[in-house]
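Undergrad: let's see this in three dimensions:
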Amino acid sequence: MARARKKWELRNELDVVQRREHARIFSVSETMAGLLYNRGITDSESAQRFLNPSLDHMTDPLGLPDMKRAATRLLRSIYANERIMIYGDYDVDGITGTATLARCLSELGADVQSYIPKRLEEGYGINIEAIEQAALQGIKVIVTVDCGISAYNEVERAKELGMDVIITDHHQPGEIIPSCTAVVNPKLMDDGIGQDNLAGVGVAFKLCQAVHSLIGADSSSDPVKYMDLVALGTIADMVPLVGENRAIAYFGMQQMMQTSNPGLASLLESCNLYGRPLSATNISYTLAPRLNAVGRLGDASVAVELFLTDENDKAANIASMLAEENRRRQEIEAVISEQAVGMLEEQDISTMNVIVLASEGWHQGVVGIVASRMVESYNRPAILISIANGEGRGSGRSIGGFDLHAALTECSDCLIRFGGHAQAAGLTLKSDMLDQFKEKINFVASQQIISSQLIPILKVDAVLRPQRITMDLAKEICKLQPYGLSNPEPVFVTNKLEINDIRGVGNEGRHLKLKLSRDGILLSAIGYNMGNRFSDFDDDRSPVDIAYTIDVSHYNGNEYLQLVLKDIRHSPDVPPRS
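TA: Numbers count the residues shown, from 1 in each chain. Just a heads-up that it's a prediction; the model follows:
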């Protein structure tokens with residue numbers, strides 16, 4: 001089955017005169033001036049702030065709602081030696097936030113224990129049974145991390161049992177806010193003053209800063225030393241890497257290279273990344289999946305323990321276990337993906353506005369990842385459902401412009417329960433309602449999705465002549481790192497290139513390797529997971545246009561430019577842009 005071809009869409013470019021003026025004012029190249037403009041940076045002060053991240057860009061933690069009340073209550077607990085439970089989520093954001101807060105409070109003298117619910121048994125967020133167990137253990141204060149903003153009933157139960165609750169969360173609040181000791185959530189602010197994009201770990205980190213400042217602790221216990229964990233969770237949670245998040249990611253990634261946390265060091269070592277310069281890509285696609293895997297398949301509390309232990313041997317053993325769990329997750333994911341693609345091949349995808357697939361035996365903790373892969377491949381919202389004992393539990397992902405949560409709301413009569421947000425959601429239904437649900441959500445989508453939305457868009461920053469693709473430009477572009485939401489890695493296009501050599505490389509020719517040229521300039525390019533397009537260009541060596549990012553690769557002590565393909569197509573019969 002043919003997969004959706006991308007439409008290349010050039011971002012709003014500065015004209016030549018404006019680009020030169022911006023380059024002069026910002027003291028950057030014209031290409032960099034255009035990249036900054038595409039990221040909403042139009043004045044010199046903003047450009048310097050963006051290109052030169054600083055710890056001075058950190059915001060005042062006490063500017064967050066209820067922060068002083070939350071910090072003060074924790075100080076009382078520390079002085080009274082009350083037991084505190086940190087209740088986190090089972091993803092990387094919740095894991096790192098829980099570990100950061102536990103380490104910080106423990107160092108300040110608190111009696112702390114952490115709790116992460118089991119995804120398959122307890123589901124997301126606080127649950128009544130865990131609260132009742134906490135009361136039996138003598139817990140006096142529960143602090144949530146990356147969850148709790150909708151836990152109205154659970155908070156009421158905790159209060160009945162004599163416990164205070166402090167909610168730290170970054171998810172969108174509903175109409176009813178839990179009534180508890182403090183609710184620290186930047187989404188409750190009219191003006192986020194740069195804090196509204198914080199991840200859950202970022203909000204927990206601000207609580208650490210607030211407690212540290214109120215207690216008057218010395219610099220040796222400054223929470224900034226946990227910035228490596230905060231950066232890991234922030235990048236993994238795909239929040240915008242601008243403002244304070246950019247400073248967190250920038251300095252946290254530097255700190256990771258020489259981390260003093262045994263667990264993080266072991267995790268990096270197991271990924272072959274210890275001591276090496278890191279990128280947001282390393283974190284998102286290498287580190288984060290190992291931490292998420294244990295939450296998807298088993299008990300994420302072991303990942304929190306990884307970051308809490310000071311024993312090197314224990315850390316190494318846990319890191320090894322996480323690697324094994326991730327391999328198991330990959331195997332399960334591959335099987336489900338193959339089965340899902342097989343199901344689609346037996347259907348007419350052109351009739352689908354939303355892909356809905358279900359099967360018995362699919363692992364509930366992995367179907368969300370496969371749904372994401374389906375969206376990437378077919379550019380349609382996708383929902384995969386695991387059927388067991390007459391009930392289906394599913395996870396869905398959406399495309400831009402289609403609010404999946406709102407669509408599920410319109411299908412609520414087919415569902416037992418559902419939750420999530422515009423781009424990702426979970427649901428539960430009776431298996432005999434599957435066909436009715438599939439029909440209804442496709443009808444809902446047909447009223448909202450236009451055909452152009454089903455064509456994937458590749459945003460392009462600029463069109464470059466081969467002469468402008470230089471090592472100097474590549475190194476200048478690196479100043480934009482770390483890349484992430486709201487600051488994507490720049491994508492360029494170069495037209496009318498001749499193919500001098502093309503071949504498949506890697507296992508079974510999985511990747512596409514090319515030698516390209518124009519105007520006497522030779523370029524090397526690789527298309528990861530694009531080996532299936534080899535025959536499109538090997539048989540027809542007419543000129544091609546490529547969309548790519550620029551990578552500085554290192555080999556035998558030397559560095560060289562490599563273009564990493566995002567897409568490739570035969571050139572239309574038009575002159576190349578300069």
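Undergrad: so how many other residues sit close to G401?
TA: Neighbourhood size, G401 [other C-beta atoms under 10 Å]: 11. Where you see a C-beta, it was placed from the backbone N, CA and C, and this is true even at glycine.
Undergrad: the nearest residue to it once chain neighbours are set aside: what's it in contact with?
TA: In space, and not counting its chain neighbours, G401 is closest to Q453: 5.5 Å by C-beta to C-beta, 6 or more residues apart in numbering. By C-beta atoms under 8 Å, 6 or more residues apart in numbering, the residues touching Q453 are I399, G400, G401, F402.
Undergrad: the stretch 351-500 of the chain: helices as residue ranges?
TA: Under the criterion DSSP state H, counting those that start in this stretch, the stretch 351-500 of the chain carries helices at the ranges 367-378, 404-410, 434-446, 471-477.
Undergrad: output those as JSON lines; include the columns distance to P223, mean pLDDT and mean neighbour count.
TA: Shown next, in JSON lines, are the helices of the stretch 351-500 of the chain (distance: least, C-beta to C-beta, whole Å; pLDDT from 0 to 100; neighbours: other C-beta atoms under 10 Å):
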{"stretch": "helix 367-378", "distance to P223": "32", "mean pLDDT": "93", "mean neighbour count": "21"}
{"stretch": "helix 404-410", "distance to P223": "34", "mean pLDDT": "94", "mean neighbour count": "19"}
{"stretch": "helix 434-446", "distance to P223": "44", "mean pLDDT": "96", "mean neighbour count": "18"}
{"stretch": "helix 471-477", "distance to P223": "32", "mean pLDDT": "95", "mean neighbour count": "15"}
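Undergrad: which parts of the helix ranked longest in the chain are buried?
TA: Ranked by residue count and defined by DSSP state H, the top helix of the chain is helix 312-345. By 16 or more other C-beta atoms under 10 Å, the buried positions in helix 312-345 come out as 314-316, 318-319, 321-322, 325-326, 328-329, 332-333, 336-337, 339-341, 344.
Undergrad: distance between it and the chain's centre?
TA: 18 Å (C-alpha atoms, centre = their mean, to the nearest Å).
Undergrad: repeat that for stretch 102-121.
TA: That offset, for stretch 102-121, works out to 23 Å (C-alpha atoms, centre = their mean).
Undergrad: buried sites along it?
TA: Result for stretch 102-121 [16+ other C-beta under 10 Å]: buried residues 102-105, 107-108, 110-112, 114-117, 119-120.
Undergrad: among those, which two are most distant?
TA: Using C-beta to C-beta, the buried residues of stretch 102-121 span at most 34.5 Å, a distance reached by L108 and L120.
Undergrad: V460 and R11 touch, don't they?
TA: Yes - using C-beta atoms under 8 Å, V460 is in contact with R11, at 6.6 Å.
Undergrad: so between those two, which is more surrounded?
TA: More neighbours surround V460 than the other of V460 and R11, with 20 against 16 (other C-beta under 10 Å).
Undergrad: is it true that F307 touches S260?
TA: No - using C-beta under 8 Å, F307 is not in contact with S260, being 11.7 Å away.
Undergrad: neighbour count winner among those two?
TA: Each of F307 and S260 has its neighbours counted (other C-beta under 10 Å); F307 has more, 26 against 11.
Undergrad: return the distance of the residue of the chain positioned farthest from its centre relative to T470.
TA: Here the centre of the chain is the reference, and by C-alpha atoms, centre = their mean the most remote residue is G520, at 40.4 Å. Applying C-beta to C-beta, to the nearest Å, the value for G520 to T470 is 14 Å.
Undergrad: which outside residues touch stretch 11-19?
TA: H22, E30, A33, G34, Y37, N38, K459, V460, D461, A462.
Undergrad: now those residues: which count as buried?
TA: H22, E30, A33, G34, Y37, N38, V460, D461, A462.
Undergrad: mind checking which of the residues you listed are in strands?
TA: V460, A462 (DSSP state E).
Undergrad: nearest to R380 among the buried ones among the contacts of stretch 11-19?
TA: V460 (22.8 Å).
Undergrad: separation between the closest one and T470?
TA: 19 Å.
Undergrad: then P186?
TA: 41 Å.
Undergrad: which of those two has more residues huddled nearby?
TA: P186 (22 against 16).
Undergrad: contacting residues for I142?
TA: I84, M85, Y87, I126, I131, A134, A158, M163, D164, V165, I166.
Undergrad: any idea which helix or strand comes after the strand or helix carrying D228?
TA: Element membership of D228 [criterion: DSSP states H and E] is helix 227-236. Going down the chain from helix 227-236, the next helix or strand is helix 244-256, by DSSP H and E.
Undergrad: contacting residues around that following helix?
TA: Outside helix 244-256, the residues that touch it by C-beta under 8 Å, 6+ apart are 50, 53-55, 57-59, 194-195, 197-199, 202, 205, 225, 227-232, 234-235, 239, 241, 264, 268, 278-280, 283, 481-482, 484, 487.
Undergrad: mark which of these are buried, thanks.
TA: 50, 53, 57-59, 194-195, 197-199, 202, 205, 225, 227-232, 234-235, 239, 241, 264, 268, 278-280, 283, 481-482, 484, 487.
Undergrad: give me the residues contacting stretch 338-356.
TA: Under C-beta under 8 Å, 6+ apart, the answer for stretch 338-356 is 1, 357, 359, 362, 370, 374, 378, 380-385, 407, 434, 437-438, 441-442, 445-446, 449, 454.
Undergrad: now with 7 Å?
TA: Outside stretch 338-356, the residues that touch it by C-beta atoms under 7 Å, 6 or more residues apart in numbering are 1, 357, 359, 370, 374, 378, 380-384, 438, 441-442, 445-446, 449.
Undergrad: next, the distance between the ends of that stretch.
TA: Length of stretch 338-356, first residue to last, C-alpha to C-alpha, to the nearest Å: 15 Å.
Undergrad: so how far is it off the chain centroid?
TA: Counting by C-alpha atoms, centre = their mean, stretch 338-356 comes out at 26 Å from the chain centroid.
Undergrad: if I read this right, E305 contacts I318, doesn't it?
TA: Yes - contact criterion C-beta atoms under 7 Å: E305 and I318 qualify, at 6.5 Å.
Undergrad: ok, back up a step: so which of the contacts of Q453 is the most crowded?
TA: Neighbour-wise, the contacts of Q453 (other C-beta under 10 Å) top out at I399, 21 neighbours.
Undergrad: mind listing what that one touches?
TA: V375, N379, R380, P381, Q453.
Undergrad: next one: L522
TA: Contact analysis of L522 by C-beta under 7 Å, 6+ apart lists K515.
Undergrad: doesn't it belong to a helix?
TA: No - counting by DSSP: H, G, I helix; E, B strand; the rest coil, L522 is not part of a helix but strand.
Undergrad: list the beta-bridge partners for it.
TA: Counting by DSSP bridges, L522 is bridged to S517.
Undergrad: how close does it get to K566?
TA: Using C-beta to C-beta, L522 is found at 20 Å from K566.
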